[in-house]
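# how would this look folded up:
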Amino acid sequence: MFIVAPSIGRDAAHAHPVTELFTFIGVGGLLHGKAILLANIFIGLFSEPNNT
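Sure, this is the predicted structure:
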């Protein structure tokens with residue numbers, strides 16, 4: 001957003017498709033990681049089996 005803002009303007013840079021794509025990928029990655037972490041903590045999903 002900071003790279004394209006001087007050339008197209010501040011408001012247009014906030015709605016630029018590349019800016020929105022990076023935002024959605026970043027937020028999606030954070031939510032996905034949080035879901036995996038919580039599933040691992042509370043359900044034991046993706047954990048190694050204990051063969052004792």
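
# quick one, helices of the protein?
With helices called from DSSP state H, the chain shows them at 5-8, 10-14, 17-42.

# For the chain, which residues score under the pLDDT cut-off?
Scanning the chain with the threshold set as pLDDT under 70 gives 52.

# hang on, the earlier thing: a markdown table for the helices of the chain, including distance to P49 and mean neighbour count?
Using the backbone N, CA and C atoms, a C-beta is placed for each residue, glycine as well. Listed next are those as a markdown table, based on distance: least, Cβ to Cβ, whole Å; neighbours: other Cβ atoms under 10 Å:
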| stretch | distance to P49 | mean neighbour count |
| --- | --- | --- |
| helix 5-8 | 51 | 11 |
| helix 10-14 | 48 | 12 |
| helix 17-42 | 14 | 11 |
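
# Distance to N50 added to those helices, as CSV?
CSV is the format used below for these (distance: least, Cβ to Cβ, whole Å):
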stretch, distance to N50
helix 5-8, 53
helix 10-14, 50
helix 17-42, 14
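
# Which residues does stretch 27-44 contact?
Taking contacts as Cβ atoms under 8 Å, 6 or more residues apart in numbering, the residues outside stretch 27-44 that touch it are 45-47.

# Kindly format the C-alpha coordinates of it as PDB.
In PDB, the C-alpha atoms belonging to stretch 27-44 read as follows (Å, rounded to 0.1, in the frame of the first residue of the first chain):
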ATOM      1  CA  VAL A  27      -5.500 -12.600   7.900                       C
ATOM      2  CA  GLY A  28      -6.500 -16.000   6.500                       C
ATOM      3  CA  GLY A  29      -3.100 -17.400   7.500                       C
ATOM      4  CA  LEU A  30      -3.400 -16.000  11.000                       C
ATOM      5  CA  LEU A  31      -6.900 -17.500  11.400                       C
ATOM      6  CA  HIS A  32      -5.800 -20.800  10.000                       C
ATOM      7  CA  GLY A  33      -2.800 -21.000  12.300                       C
ATOM      8  CA  LYS A  34      -5.000 -20.100  15.300                       C
ATOM      9  CA  ALA A  35      -7.500 -22.800  14.400                       C
ATOM     10  CA  ILE A  36      -4.700 -25.400  14.100                       C
ATOM     11  CA  LEU A  37      -3.200 -24.300  17.400                       C
ATOM     12  CA  LEU A  38      -6.500 -24.400  19.300                       C
ATOM     13  CA  ALA A  39      -7.400 -27.800  17.700                       C
ATOM     14  CA  ASN A  40      -4.100 -29.200  18.800                       C
ATOM     15  CA  ILE A  41      -4.400 -27.800  22.300                       C
ATOM     16  CA  PHE A  42      -8.100 -28.800  23.000                       C
ATOM     17  CA  ILE A  43      -8.700 -31.800  20.800                       C
ATOM     18  CA  GLY A  44      -5.200 -33.200  20.300                       C
END
